[in-house]
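Engineer: any chance you can model this:
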Amino acid sequence: HVQLVESGGGLVQPGGSLRLSCAASGYSYSGYCMAWFRQAPGKEREGIASIYTGGDSTSYADSVKGRFTISRDNAKNTVYLQMNSLKSEDTAVYYCARGDWNVGFDYWGQGTQVTVS
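Structural biologist: Got it, this is the predicted structure:
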């Protein structure tokens, strides 16, 4: 069965960096687009970054553009989110998801907490 497992969250000071990982299993990983979302307390879930199958095309929400980088390693079935210059407003639970904005997202990880304080 399909599984997405995030890791790498934690507590970081403003201006710091974290790298999130999402390990995928149970399907042909390289054939699917992947994305990162986040949800802060009291707010709707926000899509922040996506990456196509080959890793050569990415997109970002304005709120993270220039600070976050999404990448993938198809040999390791893993997608990453490098987060730099973190701000308090980046505090949220971060989720990875399989899919893209055209066809939707069908599988989600359990989330990893990122706290910037």
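
Engineer: all strands of this protein, in order?
Structural biologist: With DSSP state E, the ranges of strands along the chain come out as 3-7, 10-12, 18-25, 34-39, 46-51, 58-60, 68-73, 78-83, 92-100, 104-108, 112-116.

Engineer: pLDDT at Gly31, what is it?
Structural biologist: Listed pLDDT for Gly31 reads 87.

Engineer: next: Ser88.
Structural biologist: Here the pLDDT value assigned to Ser88 is 97.

Engineer: circling back to that earlier point, let's have the strands of the chain in a markdown table, adding mean neighbour count and mean pLDDT.
Structural biologist: All C-beta spots, glycine's among them, are computed from the backbone N, C-alpha and C. Listed next are the strands of the chain as a markdown table, based on neighbours: other C-beta atoms under 10 Å; pLDDT from 0 to 100:
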| stretch | mean neighbour count | mean pLDDT |
| --- | --- | --- |
| strand 3-7 | 17 | 97 |
| strand 10-12 | 14 | 98 |
| strand 18-25 | 19 | 97 |
| strand 34-39 | 23 | 98 |
| strand 46-51 | 20 | 96 |
| strand 58-60 | 16 | 96 |
| strand 68-73 | 18 | 97 |
| strand 78-83 | 23 | 98 |
| strand 92-100 | 21 | 96 |
| strand 104-108 | 14 | 96 |
| strand 112-116 | 18 | 98 |
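
Engineer: how close does the most centrally placed residue in the chain sit to Met83?
Structural biologist: By C-alpha atoms, centre = their mean, the chain has its centre lying nearest to Trp36, at 2.7 Å. According to C-beta to C-beta, to the nearest Å, Trp36 and Met83 sit 10 Å apart.

Engineer: for those two, list the residues in contact with both.
Structural biologist: Jointly contacting Trp36 and Met83 under the rule C-beta atoms under 8 Å, 6 or more residues apart in numbering are 20, 68.

Engineer: might one say that the residue nearest to the centre of the chain is in contact with Gly9?
Structural biologist: No - Trp36 is beyond contact range of Gly9, at 11.8 Å (criterion: C-beta atoms under 8 Å).

Engineer: what's the overlap in contacts for those two?
Structural biologist: Contact with both Trp36 and Gly9 is made by residues 20, 94, according to C-beta under 8 Å, 6+ apart.
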